[in-house]
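> Structure of the sequence below:
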Amino acid sequence: MTSKPSFLMKPTLDTKYHIDYSWWERSSEDLRMYLLSHLLPEQRERLSQNDEQRMVDYIDPETGEVFQLDELGLAIQIAAEDPNFINPHTSLVDSIFRVFLANGNFPMTPRELAERTGRQANTILKTLSGGQIYKGIRPILS
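So this is what the prediction gives:
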């Protein structure tokens, strides 16, 4: 019996997904504009008028780890602390994308994403494993 190449494997509820930023490089969509859409209104207005890429230190509140972020990355981390960052009124794809923004794009399964978004794991799997790639969210197939 031969095994299928990984690109032919069907994702399951235990398949890990992440944001594939190389998809954004090939896409006609504007990543910066999409990222701005996830910010709080006051953050969005301030950053949309500023293209400067100043770096700042960010201390992860859970781990205490310090790392460098640009102002947009810092604004995303601040927005992610808001309890309404992921809510039932946010579209499924945006909710999933926000989970990855908040967790540093750490790969997660549909089961884990369901816990963070309050959505059904099967619905997440069906959405992400269909023929269309939404906002660069792709499986990591090993």
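
> mean confidence for stretch 131-139?
For stretch 131-139, the mean per-residue pLDDT is 94.

> which residues touch it?
11, 15-21, 23-24, 27, 29, 34, 93-94, 96-97, 100, 127-129 (C-beta atoms under 8 Å, 6 or more residues apart in numbering). In this view, the C-beta of every residue, glycine as well, is placed from N, C-alpha and C.

> Now, these that are in helices?
The helices, defined by DSSP state H, take in Tyr21, Trp23, Trp24, Tyr34, Val93, Asp94, Ile96, Phe97, Phe100, Thr127, Leu128 from those.

> Any quick ChimeraX command for the buried ones out of these?
Of the ones in helices among the contacts of stretch 131-139, the buried ones can be selected in ChimeraX as follows, counting by 16 or more other C-beta atoms under 10 Å:
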select :23,24,94,96,97,100,127,128
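
> Make a markdown table from the ones in helices among the contacts of stretch 131-139 and add pLDDT and distance to Glu115 to it.
Output for those, formatted as a markdown table (pLDDT from 0 to 100; distance: C-beta to C-beta, whole Å):
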| residue | pLDDT | distance to Glu115 |
| --- | --- | --- |
| Tyr21 | 93 | 24 |
| Trp23 | 94 | 25 |
| Trp24 | 95 | 26 |
| Tyr34 | 94 | 24 |
| Val93 | 97 | 17 |
| Asp94 | 97 | 17 |
| Ile96 | 98 | 12 |
| Phe97 | 97 | 16 |
| Phe100 | 96 | 14 |
| Thr127 | 96 | 16 |
| Leu128 | 96 | 15 |
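
> Save the ones in helices among the contacts of stretch 131-139 as TSV, and put in distance to Gly64 too.
Compiled in TSV, these are given as follows (distance: C-beta to C-beta, whole Å):
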residue	distance to Gly64
Tyr21	26
Trp23	32
Trp24	30
Tyr34	30
Val93	32
Asp94	29
Ile96	27
Phe97	26
Phe100	22
Thr127	35
Leu128	32
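
> now for the ones in helices among the contacts of stretch 131-139, which pair is the farthest apart?
Greatest spacing in those, by C-beta to C-beta: Tyr21 and Thr127 (19.7 Å).
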